[in-house]
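Enquirer: missing the sequence, but the structure's below:
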């Protein structure tokens, strides 16, 4: 399930990160409020937390959505600063100006959000989104280098092909004899693929997946040795040397999904390194 939720988290993170441009007057005011205002002295640490967090991810070359949650801190400060500004003597004697500034602040955020929302949340049909993307004055950020050539950003492309992938794996799995199925591992290169197997697989009679990616590595190889393995998400040239026999057992085609238009489902036999004794060799922590 973790892998299926991941695209949603990425969507929210990138949306929040890019909305920081629209909300710049508010979050920057919040940062100044925390760092400079005497009234915000008890909350000075919030301002430094923002500065340190953003600086850390810039220096560490973190993905473009990693720093998104910290903007909530300075936006809260910006809301407090805006409220104080609108109530200050400068506008206190100008009721018309104050009455205009309040709806203007809301309008700025609402219009700004609506203009870029389709770029960061899948609210449009794919064809409409692709046309919308062509007319954007900026390039949609890619969280991974491997996604640079994809038609859709990761958070949109990752909405496709999960169940189709599981169905393809099920066809391969059920083409084996019951004796073979009992010792067949479904090994995925990515935790999202493993999560899809675990989430959708029960209705297709599939066992739980194993993977060396992220936390799936910690859950180990179960009882599998690698005698028979259905590999998901791997290119055949990258796994051929690790098994006695490797064959393409199924293919999936979807021009909008990442990977699966070029990476088949592989049926592998005779893994040269036993999962039970060499599980550490599959660790993929990134």
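Expert: In hand now; what should we look at? Keep in mind that what you see is a predicted model, and the values were worked out from it rather than measured. Residues are numbered from 1 along each chain as shown.
Enquirer: which residues does the residue nearest to residue 201 when sequence neighbours are not counted contact?
Expert: Spatial nearest neighbour of residue 201, chain neighbours left out: residue 166 (5.8 Å); criterion: CB to CB, 6 or more residues apart in numbering. For glycine as for every other residue, the C-beta is placed from the backbone atoms N, C-alpha and C. Contact analysis of residue 166 by CB atoms under 8 Å, 6 or more residues apart in numbering lists 196, 197, 200, 201, 204, 206.
Enquirer: and of these, the nearest to residue 242?
Expert: The shortest approach to residue 242 among the contacts of residue 166 belongs to residue 197, at 20.2 Å (CB to CB).
Enquirer: List the backbone torsions phi and psi for that closest one.
Expert: phi -60, psi -50 (degrees, to the nearest 10).
Enquirer: wait, residue 222 sits on residue 216?
Expert: No - at 11.0 Å, residue 222 does not count as touching residue 216 under the criterion of CB atoms under 8 Å.
Enquirer: quick one, which of those two is more surrounded?
Expert: Taking other CB atoms under 10 Å, residue 222 and residue 216 do not tie; residue 216 has more neighbours (24 against 12).
Enquirer: Doesn't the more buried one lie inside a strand?
Expert: No - assignment of residue 216 by DSSP: H, G, I helix; E, B strand; the rest coil gives helix, placing it outside any strand.
Enquirer: how about it, what does it touch?
Expert: Per CB under 8 Å, 6+ apart, neighbours of residue 216: 188, 191, 194, 209, 210.
Enquirer: Can you read off the pLDDT for residue 131?
Expert: Residue 131 carries a pLDDT value of 86.
Enquirer: Quick check: the gap between it and residue 156.
Expert: 14 Å (CB to CB, to the nearest Å).
Enquirer: Looking at the two, which is more packed in?
Expert: For residue 131 and residue 156, the more surrounded residue by other CB under 10 Å is residue 156, and the numbers stand at 26 against 11.
Enquirer: which is the next helix or strand following the helix or strand where that one lies?
Expert: When elements are assigned from DSSP states H and E, residue 156 belongs to helix 154-157. As assigned by DSSP H and E, the chain's next helix or strand after helix 154-157 is helix 162-174.
Enquirer: Next SSE downstream of that following helix?
Expert: Using DSSP H and E, the first helix or strand after helix 162-174 is helix 178-181.
Enquirer: Let me know the average pLDDT across whichever helix or strand comes after that next one.
Expert: With elements assigned by DSSP H and E, the helix or strand that comes after helix 178-181 is strand 184-188. In this model, strand 184-188 has a mean pLDDT of 98.
Enquirer: re the thing from before, helices and strands around the helix holding residue 156, which ones?
Expert: Helices and strands touching helix 154-157, by 3 or more CB pairs under 8 Å, 6 or more residues apart in numbering; DSSP states H and E, are helix 2-22.
Enquirer: Now the helix it packs on: average pLDDT?
Expert: On average, the pLDDT along helix 2-22 is 50.
Enquirer: now the end-to-end length of stretch 200-219.
Expert: When the termini of stretch 200-219 are compared using CA to CA, to the nearest Å, they are 19 Å apart.
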